[in-house]
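>>> What would the 3D arrangement of this be:
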Amino acid sequence: MHFEQLKAFHQIALTGSFTKASKILFLTQPAVSQQIQAMETSLGITLFDRSGKKVILTGEGEILFSYVDRLFRIYDEIEMQFGKLRDLETGKITVGSTAVMGTYFLPRIIGNYNKKYPGIDINMQIGNSFSVLNRLISNQIDLGFAGRLKSDDRLRSILIHREKLLLVSSPDNPLTKQGVVSVSELGSTPFIWREKGTQTHALAKKWFHKKVGRDYPKKSIELQNIEAAKRTVIEGYGITIIPEVSIRRELHVGLLKRIDLDGFDLSFDYYLFYKKRKILSNAVEAFLKILVKMKLLSHS
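Predicted structure coming up:
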């Protein structure tokens, strides 16, 4: 078996298509087919079931794929290690981020990075803190910007930003005109939760349990999108707890009003996460240097 044959086999197995594999490999489809036929003849087995619309692995093909996939993972690690010796004219990094960081903080960072390294592609994946950390652990992303929900020995975390949470409603809500509001006065007001897995949800739930001793307020809905939560409150439905940075414009123009809730003083921290003992590519190292230059990260 030749290396080019293994590459063709690997891409067909991943894409389920000879045509897609040929495009990825910059080869003609007949050339890819010949490579697979040569492998099958050499091994004396059939690697793919070609009877359906999608090409699928045979049992023997699945066994070979388990070895070939490991081989190319090792190959990718070698490429990454020696990528440190290359310049930064081309490259790619994948960043995971919570919605707040991805919407209100990272665009400026990415803009500065792109000005200096225009040839490097940045793929940003948005999710809650839980999903960002899971993607980092499973090597789906290079860096993660999220809240620290729990400690993990596999990850290193560096504090990037501290954000204040506010309780807000539409200007028409009577609670905005009462001065200091007690937590008991929220019971009959619909409450909009951020999705589970977000710091906002976890901190708000913990605060209510501490003050009331149970899930509270009783009437509530849960929305995954922070913009949907803002829009719902602006239109007059209920109240919500939300990061201040995400509603500064709405507060300034009067679309939202802050409710002064007695004893409510919550904030949370955003961290930069990356895996310990993982070799960072030259492109990722350059991204970290941009954070240092912007004084979001120390040299340590």
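>>> and the gap between Arg248 and Tyr104?
9 Å (C-beta to C-beta, to the nearest Å). Quick note: C-beta positions are derived from backbone N, CA and C, even for glycine.
>>> Who has more neighbours out of the two?
Tyr104 (16 against 12; other C-beta atoms under 10 Å).
>>> tell me the contacts of the more buried one?
Listed by C-beta atoms under 8 Å, 6 or more residues apart in numbering, the contact set of Tyr104 reads 245-246.
>>> Can you read off the pLDDT for it?
If you check Tyr104, the pLDDT there is 90.
>>> before we move on, what about Leu85?
Listed pLDDT for Leu85 reads 48.
>>> Flag every buried residue along the helix or strand hosting Asp76.
Assigned by DSSP states H and E, Asp76 belongs to helix 59-83. By 16 or more other C-beta atoms under 10 Å, the buried positions in helix 59-83 come out as 61, 64-65, 68, 80, 83.
>>> Export only the CA atoms of stretch 251-271, formatted as CSV.
Coordinates of each C-alpha in stretch 251-271 appear next as CSV, following Å, rounded to 0.1, in the frame of the first residue of the first chain:
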residue,chain,number,x,y,z
LEU,A,251,-30.3,50.6,28.5
HIS,A,252,-28.9,53.8,27.0
VAL,A,253,-31.8,54.3,24.6
GLY,A,254,-34.4,53.2,27.1
LEU,A,255,-35.6,49.9,25.6
LEU,A,256,-34.7,48.2,28.9
LYS,A,257,-34.7,49.3,32.5
ARG,A,258,-32.7,48.0,35.4
ILE,A,259,-34.6,46.6,38.4
ASP,A,260,-32.9,47.3,41.7
LEU,A,261,-33.2,44.0,43.4
ASP,A,262,-32.4,43.9,47.1
GLY,A,263,-29.2,41.9,47.8
PHE,A,264,-28.6,41.2,44.1
ASP,A,265,-24.9,41.8,43.2
LEU,A,266,-23.7,39.1,40.8
SER,A,267,-20.9,39.0,38.4
PHE,A,268,-19.0,36.2,36.7
ASP,A,269,-15.6,35.7,35.2
TYR,A,270,-14.6,34.7,31.6
TYR,A,271,-11.5,32.7,31.1
